[in-house]
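Q: need coordinates for the following:
(2 chains)
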There are 2 protein chains.
Amino acid sequence: MDENKSRRISIAVDMDGVLADTETHFISYYEGETGVRVDRNTLLGLPENLAFPDKTAVRRYVNTAGFFRTLPLIPGGQQAIQTLMRDFDVYIVSAAMEFPLSLYEKKLWMEEHFPFVSWKNIVFCGDKSIIGTDYLIDDHLKNLDYFRGKPLLFTASHNIHVNHHHRLNNWSEILLYFENLRNSGD
Amino acid sequence: MDENKSRRISIAVDMDGVLADTETHFISYYEGETGVRVDRNTLLGLPENLAFPDKTAVRRYVNTAGFFRTLPLIPGGQQAIQTLMRDFDVYIVSAAMEFPLSLYEKKLWMEEHFPFVSWKNIVFCGDKSIIGTDYLIDDHLKNLDYFRGKPLLFTASHNIHVNHHHRLNNWSEILLYFENLRNSGD
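A: So this is what the prediction gives:
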């Protein structure tokens, strides 16, 4: 076994809501369909599927061909992943199995926006409790609460009132967190 | 957290070569393409991609639409997974990310043959070293050698000379192994 590899700290990074801006995409899709531009402030603290006036909309969009392929990027994510990869084993971990049609779209999205991430470091799963990395950066409690390593909460409108995980508000804060971690281990 | 769930032993089970009979499928595809029926004995101890007279064949088949969707079953796997699920957390873990077109086909194959396995317990990944289960049943050393739990080698023609992992030759032996494990923990 590669001793260097086995000693590197590993980080699992969620896709939707952390690398991919699902929130903005939901708002765009909703406006395109209904003509109603939902104010982002009205989404605060609500589960994504209940945050829009039409409660069936979000579930419909995530089952629409093309939705996951065309997701915009969360600012700073691309550069941050490249930076983290220098010192850590970074895995992109998405609970994609719930939406089988998204599997191929998500892989193509990764190839387009994160061509520097090997297929070896991409995981599409259901229950993330199986993921054995040291850290998990995610916006959903259903993933963070059962994670066996150190969970890190990435801020999204729906999780704004959560206070039982270490919160990181954006990719700059994530980079600072892991820079401090790396320096403390030097 | 569900205390019962957190105490159950977890088992990751590979798809190709363990649940799905890739070997038989390669032989069938090869015969269909070339008219040559390859004797299974000639595959013993050789890497799958080098075992057939035309060394480009296997790589071509795994990139052919329909190959993964139509894989036959390894005998005993379906019933054994149902049995194991009574006492263990069973995850189906496939290194599918190398062949993006296979992702959807593999999910459909699971739905057809293992409808009793929840999408929450299916994982498509690259490098399996990220999998944090207690056991991994797999036919490939590239997965077993870097697994952090207890690796179990499922017999296939290509791994017949391997002797550094606990070997289980078929699904009956797997069931017996975990029945003994369960009884020892009673």
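
Q: list the contacts for the residue in chain A positioned nearest to chain B?
A: Nearest to chain B, among the residues of chain A, is A:Gly132, at 2.5 Å (Cβ to the nearest Cβ). C-beta here means a position set from N, CA and C on the backbone, and glycine is covered the same way. A:Gly132 makes contacts with A:Ser10, A:Arg148, A:Gly149, B:Ile130, B:Ile131, B:Gly132, B:Arg148, as judged by Cβ atoms under 8 Å, 6 or more residues apart in numbering or on different chains.

Q: which members of these are the farthest-apart pair?
A: Within these, A:Gly149 and B:Ile131 form the most distant pair, 13.3 Å apart (Cβ to Cβ).

Q: those two: who's more crowded?
A: More crowded of A:Gly149 and B:Ile131, by other Cβ atoms under 10 Å in any protein chain shown: B:Ile131, with 24 against 16.

Q: partners of the closest residue to the more buried one other than its chain neighbours in the sheet?
A: Nearest residue to B:Ile131, sequence neighbours excluded (Cβ to Cβ, 6 or more residues apart in numbering or on different chains): B:Ala12, at 5.2 Å. Beta-bridge pairing for B:Ala12 (DSSP bridges): B:Tyr91, B:Leu136.

Q: okay, B:Ala12: pLDDT?
A: In this model, B:Ala12 is scored at 98, pLDDT.

Q: ok, A:Ile81 next?
A: For A:Ile81, the pLDDT comes out at 98.

Q: wait, doesn't it sit right on A:Ala12?
A: No - here A:Ile81 lies out of contact with A:Ala12, judged by Cβ atoms under 8 Å, at a distance of 12.0 Å.

Q: shared neighbours of the two, anything?
A: Common contacts of A:Ile81 and A:Ala12 (Cβ under 8 Å, 6+ apart): A:Ile92.

Q: who has more neighbours out of the two?
A: Ranked by neighbour count (other Cβ under 10 Å), A:Ile81 and A:Ala12 place A:Ala12 first, with 28 against 22.

Q: got a list of what the more buried one touches?
A: Neighbouring residues of A:Ala12 by Cβ under 8 Å, 6+ apart: A:91-93, A:123, A:128, A:131, A:133, A:135-138, A:149, B:130.

Q: can you tell me how far it is from A:Pro53?
A: According to Cβ to Cβ, to the nearest Å, A:Ala12 and A:Pro53 sit 34 Å apart.

Q: and A:His158, by the same measure?
A: A:His158 sits 16 Å away from A:Pro53, taking Cβ to Cβ as the criterion.

Q: where does chain A have its least confident helix or strand?
A: Here the helix or strand of chain A ranked lowest by mean pLDDT, DSSP states H and E is helix A:3-7, holding a mean of 53.

Q: span of stretch A:117-133 from start to end?
A: 16 Å (Cα to Cα, to the nearest Å).

Q: pLDDT of that stretch, averaged?
A: Mean pLDDT, stretch A:117-133: 97.

Q: buried set for that stretch?
A: Neighbour-count burial for stretch A:117-133, counted by 16 or more other Cβ atoms under 10 Å in any protein chain shown, picks out A:117, A:119-133.

Q: same deal with stretch A:41-48?
A: In stretch A:41-48, counting by 16+ other Cβ under 10 Å, buried: A:Leu43, A:Glu48.

Q: for it, which outside residues touch it?
A: Defining contact as Cβ under 8 Å, 6+ apart, one finds that stretch A:41-48 is touched by A:Thr22, A:Glu23, A:Phe26, A:Ala51, A:Val58, A:Ser157, A:His158, A:Ile160, A:His161.

Q: where do the strands sit along chain A?
A: Here chain A has its strands, by DSSP state E, at A:10-13, A:89-94, A:122-124, A:135-138, A:150-154, A:166-168.

Q: just the C-alphas of the fourth one, formatted as CSV.
A: Just to be clear, that refers to strand A:135-138. Below are the C-alpha coordinates for strand A:135-138, written out as CSV (Å, rounded to 0.1, in the frame of the first residue of the first chain):
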residue,chain,number,x,y,z
TYR,A,135,-14.6,14.9,6.7
LEU,A,136,-17.9,15.4,5.0
ILE,A,137,-18.9,18.8,3.7
ASP,A,138,-22.7,18.8,3.1
